[in-house]
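Engineer: No letters, just coordinates:
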């Protein structure tokens, strides 16, 4: 087993972190490019947003497939093949001039990008000692957030400098470097034991999770919070690219540095949960997210940026608590319970733009905030229900 602190530990952990960076940089690279894509292809903000939406949708759906496949076929090979395929689609995107082809390639890319997130932690569980897993997972998750920031910065700066095609080309080069280092550094599996595929048992496990109200409430909270949070970023890019702000594409990319407070929120959520239960941590995070959303209504760039810093902290604080809650409250098949949470999470990201668009069309950014508060009130109610009813639900179950 790979032990905490030795050379193999840092090689494997850094490899998985680089892979995570590559995956999420590709997912989010189009977000600061949305106004540019809408203008170049003469499509609506909603349709431009589909370059992000279709990717997260396919990524979310793919998560339920790759986990069982890796149990039967192995971890490392599937991660390498899917990462290589995602890199090739990024290259293809750089040379595409038809919008429908862009959407199709982003859909294929999303499906391929799901390979590593679905398998990485299972690989750690196979190869790392228990003490090493806890540290490695924390470093790996930091790669997720840094990838999201890095992809948006690449999209913003390269998009403004050379156009959206070149943003994909640079992203492909970055992906190739990450893939090469990943292949060279990640140790071959030594402790993987293949298991036969049992689709009927897998479906039975998923159905069992969906009958557990303690899990369903957390799925709703995680999915609908991300439904709002990530799509607010999509619509605010259109606000800030126009008068009176007139921000460049590069400046829009810098907006996503607000994700850094989310890294801090995730890190402290576990400690706060020692004083508050996890459902009340979820509720606190949602209240903070609502507060940040309201702050963005002030017509000031400083207030809007501050609002998104607050939003990021609140969202990731709640997300970490909900994710941990699922792991602790799944009665069996904990891996599939967590995969189901991530499926809700990414499908939420892919559908939130459809929900918010009528609010945007009717009342602009004020409408987006109003629509956000409606959904956040629902997730807050779910968190409060979990906090008050946890014991009685456990007894009934």
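Structural biologist: The structure has been received and is ready for your questions. Fair warning: this is a prediction, and the values are worked out from it, not measured in the lab.
Engineer: next SSE after the helix or strand where residue 123 lies?
Structural biologist: Assessed by DSSP states H and E, residue 123 sits inside helix 115-127. Using DSSP H and E, the helix or strand that follows helix 115-127 in sequence is helix 130-162.
Engineer: which strands and helices sit next to that next one?
Structural biologist: Counting contacts by 3 or more Cβ pairs under 8 Å, 6 or more residues apart in numbering; DSSP states H and E, helix 130-162 is packed against helix 7-28, helix 115-127, helix 164-185, helix 249-254, helix 260-272. (Each C-beta comes from the backbone N, C-alpha and C, glycine too.)
Engineer: now that helix against helix 115-127, angle please.
Structural biologist: Computed by axes from the mean of the first three to the mean of the last three Cα atoms, to 10 degrees, the angle separating helix 130-162 from helix 115-127 equals 160 degrees.
Engineer: quick one: low-confidence parts of the stretch 201-350 of the chain?
Structural biologist: For the stretch 201-350 of the chain, the stretches with pLDDT under 70 are 333, 335.
Engineer: can you pull out the helices in it?
Structural biologist: 213-240, 249-254, 260-272, 278-295, 301-329, 334-396 (DSSP state H, counting those that start in this stretch).
Engineer: how does the chain divide into domains?
Structural biologist: The chain breaks down into these domains under automatic domain parsing: 1-186, 200-397.
Engineer: can you redo the ones you listed as JSON lines with mean neighbour count and distance to residue 194?
Structural biologist: Compiled in JSON lines, those are given as follows (neighbours: other Cβ atoms under 10 Å; distance: least, Cβ to Cβ, whole Å):
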{"stretch": "domain 1-186", "mean neighbour count": "20", "distance to residue 194": "6"}
{"stretch": "domain 200-397", "mean neighbour count": "19", "distance to residue 194": "16"}
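Engineer: Quick check: the gap between residue 386 and residue 327.
Structural biologist: Residue 386 sits at a distance of 15 Å from residue 327 (criterion: Cβ to Cβ, to the nearest Å).
Engineer: so what's the closest residue to residue 229 other than its chain neighbours up against?
Structural biologist: Nearest residue to residue 229, sequence neighbours excluded (Cβ to Cβ, 6 or more residues apart in numbering): residue 315, at 4.4 Å. Contacts for residue 315 (Cβ atoms under 8 Å, 6 or more residues apart in numbering) come out as 225, 226, 229, 262, 265, 285, 289.
Engineer: Let's see that with 6 Å instead.
Structural biologist: For residue 315, the contacting residues are 225, 229, 289, by Cβ atoms under 6 Å, 6 or more residues apart in numbering.
Engineer: My understanding was that residue 308 contacts residue 258; is that so?
Structural biologist: Yes - taking Cβ atoms under 6 Å as the definition, residue 308 is a contact partner of residue 258 at 4.2 Å.
Engineer: Mean confidence (pLDDT) on stretch 132-145, please.
Structural biologist: Averaging pLDDT along stretch 132-145 gives 74.
Engineer: and the helix or strand residue 46 falls within, how far out from the chain's middle?
Structural biologist: Assigned by DSSP H and E, residue 46 belongs to helix 45-73. Centroid separation between helix 45-73 and its chain, computed with Cα atoms, centre = their mean, to the nearest Å, is 11 Å.
Engineer: And the next helix or strand past that helix?
Structural biologist: helix 76-94.
Engineer: Counting by contacts, list what that next one packs against.
Structural biologist: helix 99-113, helix 115-127, helix 164-185 (3 or more Cβ pairs under 6 Å, 6 or more residues apart in numbering; DSSP states H and E).
Engineer: Lowest average confidence across the ones you listed, which one?
Structural biologist: Mean pLDDT is lowest for helix 115-127 among the helices and strands packed on helix 76-94, at a mean of 86.
Engineer: what does that one rub up against?
Structural biologist: 2, 16, 19, 23, 63, 66-67, 70, 75, 78-79, 82, 133, 136, 191-192.
Engineer: And stretch 162-170, by the same measure?
Structural biologist: Contacts of stretch 162-170 (Cβ under 6 Å, 6+ apart): 33, 36, 90, 93, 94, 154, 155, 158, 159.
Engineer: try 10 Å
Structural biologist: Outside stretch 162-170, the residues that touch it by Cβ atoms under 10 Å, 6 or more residues apart in numbering are 26, 29-30, 32-34, 36-37, 40-41, 51, 89-97, 102, 105, 151, 154-161, 175, 249, 253.
Engineer: same thing with stretch 183-191?
Structural biologist: For stretch 183-191, the external contacting residues (Cβ under 10 Å, 6+ apart) are 1-2, 8-16, 18-19, 74-77, 79-80, 83-84, 120, 123, 125-128.
Engineer: cutoff 6 Å now
Structural biologist: In contact with stretch 183-191 (Cβ under 6 Å, 6+ apart) are residues 8, 11, 12, 15, 75, 76, 80, 126, 127.
Engineer: quick check, nearest of those residues to residue 375?
Structural biologist: Nearest to residue 375 out of those is residue 75 (Cβ to Cβ; 35.9 Å).
Engineer: Touching, residue 4 and residue 131? I think so.
Structural biologist: Yes - proximity of residue 4 to residue 131 meets the contact threshold set by Cβ under 6 Å, at 4.9 Å.
Engineer: Can you tell me how far the residue nearest to residue 229 is from residue 156?
Structural biologist: 21 Å.
Engineer: What of residue 305?
Structural biologist: 15 Å.
Engineer: cool, residue 114 as well?
Structural biologist: Taken as Cβ to Cβ, the span from residue 114 to residue 156 is 25 Å.
Engineer: Lovely, talk soon.
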